[in-house]
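S.K.: Next comes the sequence, and after it the predicted model I'd like to discuss.
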Amino acid sequence: MNGVSTLTEGRSPDYAGTIEVMNVMFSAEEDGYAILEVHDTGSGEEFSLVGPVAHLNAGDRADVQGKWETHARFGPQLRASGALPLDPSDRKGQIAYLTSLSHIGTSRAKQLADEYGEGVLSAIEADPAGVFGSLPGVGTKQTAAAVDSWQASRAIRDLHVQLAPHGLAYLAAPIHHRFRDRAMTVLHQNPYQLTEVSGVGFASADRIALAADVPPESDRRAQAAAIYALSEAEQQGHVYLPIGELTRRAAILLGLNPDPDVIRAAPGLAVDGDGVYREATYASELAVAEELADRAASPPHLDHHPSEDGDPDGELTAEQWAAVRSAFESRLSVLTGGPGVGKTVCTRAIVTEAHRAHAVVALCAPTGRAARRLEEATDREAQTIHRLLEWTPGRKPGFRPGHPLPADLVIVDEASMLNLRLMEVLLNGLALSTHIVFVGDADQLPPIGAGKPFDDLISSEIAPTIRLTQIFRQAARSMITTAAHSINAGQPPRLEPEEDQDHDFFFVERTKPERALDTIVEVVADRAPKRFGIDPIRDVQVLAPMYKGAVGINALNDRLQERLNPDGTPALRNRFRIGDRLIQTRNSHELGLMNGSIVFLRSDDPEEGTIVVDTDDGGSLTVPYDETDTFRLAYAISVHKAQGCEVPMVVAVCHRSHTRMLTRPLLYTAITRARSICVLVGEPQVLRRGVARDNNGGRYSALTERLRTS
């Protein structure tokens with residue numbers, strides 16, 4: 001860049017001035033770090049700006065403070081300590097800013113700039129409804145949306161001012177989205193509540209609170225740390241934490257040892273013996289325990305008795321027929337087993353028997369992909385649990401206590417994916433008389449979210465549980481099936497097919513991480529479509545245990561997007577490209593998209609401020625821009641996020657750089673996501689070590705004990 005070599009010569013190490021962003025070289029949403037090419041609007045000098053400036057885009061102006069430093073590789077650059085966005089002063093910048101507002105596309109932005117000239121932003125500030133409403137073709141609803149968008153942008157700038165001194169200006173938009181007009185109140189009166197926002201950890205909120213004179217030794221600070229630690233523990237799957245463990249985690253956050261009695265007294269927490277819960281989670285565990293125990297103790301409601309002499313059609317084994325009988329002999333039953341043992345055949349038989357009994361049957365699963373697969377397997381309608389119960393999280397389900405689902409028997413597939421909250425809502429939506437059959441693979445990874453109710457129900461032994469073990473000949477022809485069962489038994493899988501086996505499981509040995517990355521991209525982009533005739537974007541899922549590293553999820557997504565979708569039209573202000581495979585990373589109450597849902601970006605409408613995505617249940621969904629923050633690229637995802645899905649081809653990382661995360665349940669889950677082809681890339685010795693580590697990440701849950709003692 002011109003003049004960059006002289007930037008630091010004979011100057012103060014400090015900088016304060018106004019810059020304009022020319023180009024965004026790198027931007028990380030999770031921590032706000034970015035590398036920008038900018039120029040000083042006064043001197044015209046160009047330089048690199050680095051630091052927490054990810055809230056700035058190309059064309060933005062900002063007042064910046066920082067210090068000059070010299071990077072060993074990139075030379076002189078300015079490390080920002082603060083960057084306050086400014087209104088654009090030129091026509092081009094003003095048009096770009098107005099285009100970002102709802103329903104104000106490029107053509108309307110130009111109309112406004114032509115009519116009001118340099119004072120266009122001041123005119124809007126004085127009367128936003130009048131200015132936007134005067135545009136041809138903009139109706140009442142669009143005017144209101146444009147006004148809301150304008151006011152939000154101004155509120156976000158006010159938040160920038162407040163957050164900049166703490167280096168947190170990049171969080172202004174997500175904080176405003178979460179709290180809306182309460183954002184300033186939360187910021188000043190209860191900064192620890194900011195941890196409810198994705199990307200705001202305890203350290204960030206604590207920095208703001210301490211600056212507002214919250215004493216480091218205060219009970220309020222200790223309790224906030226404990227509440228945050230418990231929320232994080234739930235994200236890891238725990239329902240509660242023992243007081244000693246919770247105190248230890250809080251101490252790490254605080255930098256001092258808190259009083260356990262102060263933590264126990266924190267508002268919103270519940271104490272049961274040695275365990276500390278969030279109150280809502282405690283109530284859920286009690287409710288689920290009571291519901292499951294009541295159903296297990298109640299006599300069967302359906303008056304239907306499948307033959308005691310076995311399957312009259314002669315198609316099921318004795319253990320499979322026992323599962324069919326259990327569905328009618330008990331209001332609560334469990335069917336579990338690995339791939340190729342006939343769970344689907346049992347499910348179809350249960351449905352057939354229910355129809356013979358003239359019973360109303362409902363089929364459901366936690367995700368759209370699993371529901372669609374269940375529907376294909378049974379030739380009967382299947383829905384997600386949310387759709388079955390007419391439930392949008394954050395609102396009351398359509399079917400709930402007092403208004404249960406009109407079904408005599410409900411089959412829940414992929415039940416190992418049920419977390420505590422989803423199990424509670426499901427049970428609440430079904431009448432006590434309804435028979436429930438939980439079907440799933442108990443050896444898969446536990447669900448995303450707090451709890452492991454499927455595993456706890458099996459462990460409690462309060463309901464009849466049929467574990468299918470016989471692998472049928474047709475299934476045994478698949479190397480994927482035999483590899484999964486070998487891993488589950490603690491044995492490394494065979495890497496070459498036996499006689500009469502289909503070669504559908506492959507291991508590609510790559511030691512160097514760069515070569516492993518290249519190979520994965522080659523397998524997905526070239527070999528998959530050429531050899532197997534499948535769509536590399538829609539039919540192949542790359543799985544990896546970790547996000548960072550040379551063969552981590554982030555690096556894989558960057559390379560795969562560039563290879564599979566190089567010409568996709570930029571969308572969502574250059575975050576993605578049309579045609580990209582995306583994943584929802586949090587439960588979205590408003591959209592009804594669950595954590596782990598896969599979608600495909602079909603179109604982008606900047607004027608309306610919306611995108612359209614194809615969903616994993618075969619439908620489509622229009623998503624406002626302000627609901628897209630939790631979308632990420634999904635050419636590669638974590639194994640945990642892949643639970644419940646089944647795709648034609650899986651390519652999974654099995655490299656030494658991921659050794660600490662590779663366990664028997666994780667490898668088993670990864671391999672069993674593949675319907676037709678599975679390819680592992682990495683090192684055989686790493687695979688052997690992973691298979692030997694039978695570590696499923698223990699979770700603190702009291703449900704098993706509550707069921708046993710109920």
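M.R.: Great, that's in hand. Numbering: from 1, shown residues only.
S.K.: just for the stretch 451-600 of the chain, where's the confidence low?
M.R.: Along the stretch 451-600 of the chain, the model assigns pLDDT under 70 to residues 589-590.
S.K.: Do a quick rundown of the strands in it.
M.R.: 465-468, 505-509, 540-544, 570-571, 576-577, 581-584, 598-605 (DSSP state E, counting those that start in this stretch).
S.K.: Can you tell me which of those is most buried?
M.R.: strand 540-544 (a mean of 27; mean count of other Cβ atoms under 10 Å). For glycine as for every other residue, the C-beta is placed from the backbone atoms N, C-alpha and C.
S.K.: Outside of it itself, list whatever touches it.
M.R.: Outside strand 540-544, the residues within contact range by Cβ atoms under 8 Å, 6 or more residues apart in numbering are 520, 524, 528, 534, 551-553, 556, 560, 635-639, 642, 645, 647-653, 658, 670, 673.
S.K.: if you set the cut-off to 7 Å instead, what comes out?
M.R.: By Cβ atoms under 7 Å, 6 or more residues apart in numbering, the residues outside strand 540-544 that reach it are 520, 524, 528, 534, 551-553, 556, 560, 635-639, 642, 647, 649-653, 658, 670, 673.
S.K.: Starting from that strand, tell me which strands it pairs with and how they run.
M.R.: As defined by DSSP bridges, the strand partners of strand 540-544 come to strand 636-638 (parallel), strand 647-654 (parallel).
S.K.: quick one, which of those strands is nearest to residue 610?
M.R.: strand 636-638 (24.4 Å; Cβ to Cβ).
S.K.: I'd like the average pLDDT over the closest one.
M.R.: In this model, strand 636-638 carries a mean pLDDT of 97.
S.K.: ok, residues contacting it?
M.R.: 541, 542, 543, 544, 545, 553, 556, 557, 560, 583.
S.K.: change it to 8 Å
M.R.: Outside strand 636-638, the residues that reach it (Cβ under 8 Å, 6+ apart) are 541, 542, 543, 544, 545, 546, 547, 553, 556, 557, 560, 583.
S.K.: for the last one, what are its contacts?
M.R.: By Cβ under 8 Å, 6+ apart, the contact set of residue 583 is 596, 597, 598, 599, 631, 632, 633, 634, 637, 641.
S.K.: Any idea what it is bridged to?
M.R.: residue 598, residue 632.
S.K.: Kindly provide the distance from it to residue 63.
M.R.: 37 Å (Cβ to Cβ, to the nearest Å).
S.K.: same question, the fourth one
M.R.: In this view, residue 544 and residue 63 are 41 Å apart by Cβ to Cβ.
S.K.: Sketch out the low-pLDDT regions of this structure for me.
M.R.: With pLDDT under 70 as the threshold, the chain has low-confidence stretches at 1-11, 29-31, 73, 393, 589-590, 617, 696-697.
S.K.: tell me what the lengthiest helix in the chain is packed against?
M.R.: Using DSSP state H, we find that the single longest helix of the chain is helix 140-163. For helix 140-163, the packing partners by 3 or more Cβ pairs under 8 Å, 6 or more residues apart in numbering; DSSP states H and E come out as strand 75-86, helix 128-133, helix 172-179, helix 183-189.
S.K.: what do you get if the cut-off is 10 Å, keeping everything else the same?
M.R.: strand 75-86, helix 91-99, helix 120-126, helix 128-133, helix 172-179, helix 183-189, helix 202-211 (3 or more Cβ pairs under 10 Å, 6 or more residues apart in numbering; DSSP states H and E).
S.K.: Buried residues, the third one. List them.
M.R.: Buried residues in helix 120-126, counted by 16 or more other Cβ atoms under 10 Å: 120, 121, 124.
S.K.: Centre of the chain to it, how far?
M.R.: Taking Cα atoms, centre = their mean, to the nearest Å, one finds helix 120-126 lying 39 Å from the centre of the chain it belongs to.
S.K.: Quick check: chain neighbours aside, which residue is closest to the residue nearest the centre of the chain?
M.R.: Geometric centre of the chain, nearest residue: residue 585, 2.0 Å, by Cα atoms, centre = their mean. Closest residue to residue 585 apart from its sequence neighbours, by Cβ to Cβ, 6 or more residues apart in numbering: residue 630 at 4.8 Å.
S.K.: Just the buried residues of stretch 248-259, please?
M.R.: In stretch 248-259, counting by 16+ other Cβ under 10 Å, buried: 249, 250, 251, 253, 254, 258.
S.K.: likewise stretch 169-187?
M.R.: Neighbour counts over stretch 169-187 (16+ other Cβ under 10 Å) mark 169-179, 183, 186-187 as buried.
S.K.: returning to that earlier point: distance to residue 465 and mean neighbour count for the strands paired with strand 540-544 - can I get that in CSV?
M.R.: Shown next, in CSV, are the strands paired with strand 540-544 (distance: least, Cβ to Cβ, whole Å; neighbours: other Cβ atoms under 10 Å):
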stretch, distance to residue 465, mean neighbour count
strand 636-638, 29, 25
strand 647-654, 29, 25
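S.K.: And those: which comes nearest residue 290?
M.R.: strand 636-638 (33.8 Å).
S.K.: Mark which of the buried residues of stretch 248-259 are part of helices, please.
M.R.: Per DSSP H, those map to helices at 249, 250, 251, 253, 254.
S.K.: just these now: which is nearest residue 323?
M.R.: Proximity of these to residue 323 (Cβ to Cβ) peaks at residue 249, which lies at 41.8 Å.
S.K.: can I assume residue 436 is in contact with residue 404?
M.R.: No: Residue 436 lies out of contact with residue 404 (Cβ atoms under 10 Å); the separation is 12.0 Å.
S.K.: Show me the common contact partners of those two, please.
M.R.: Jointly contacting residue 436 and residue 404 under the rule Cβ atoms under 10 Å, 6 or more residues apart in numbering are residue 430.
S.K.: Compare neighbour counts for those two and give me the winner.
M.R.: Legend: neighbour count by other Cβ atoms under 10 Å for residue 436 and residue 404, higher for residue 436 (24 against 16).
S.K.: For the helix or strand containing residue 689, name the packing helices and strands.
M.R.: Per DSSP states H and E: residue 689 is located in helix 684-692. Packing partners of helix 684-692 (3+ Cβ pairs under 10 Å, 6+ apart): helix 479-488, strand 505-509, strand 647-654, helix 664-671, strand 674-682.
S.K.: from the middle of its chain, how far away would the longest one be?
M.R.: In terms of Cα atoms, centre = their mean, the centre of helix 479-488 is found 28 Å from the chain centre.
S.K.: Let me know the angle separating that helix from helix 664-671.
M.R.: 170 degrees (axes from the mean of the first three to the mean of the last three Cα atoms, to 10 degrees).
S.K.: now the angle from helix 479-488 to strand 505-509?
M.R.: Per the same axes, to 10 degrees, the angle that helix 479-488 makes with strand 505-509 is 70 degrees.
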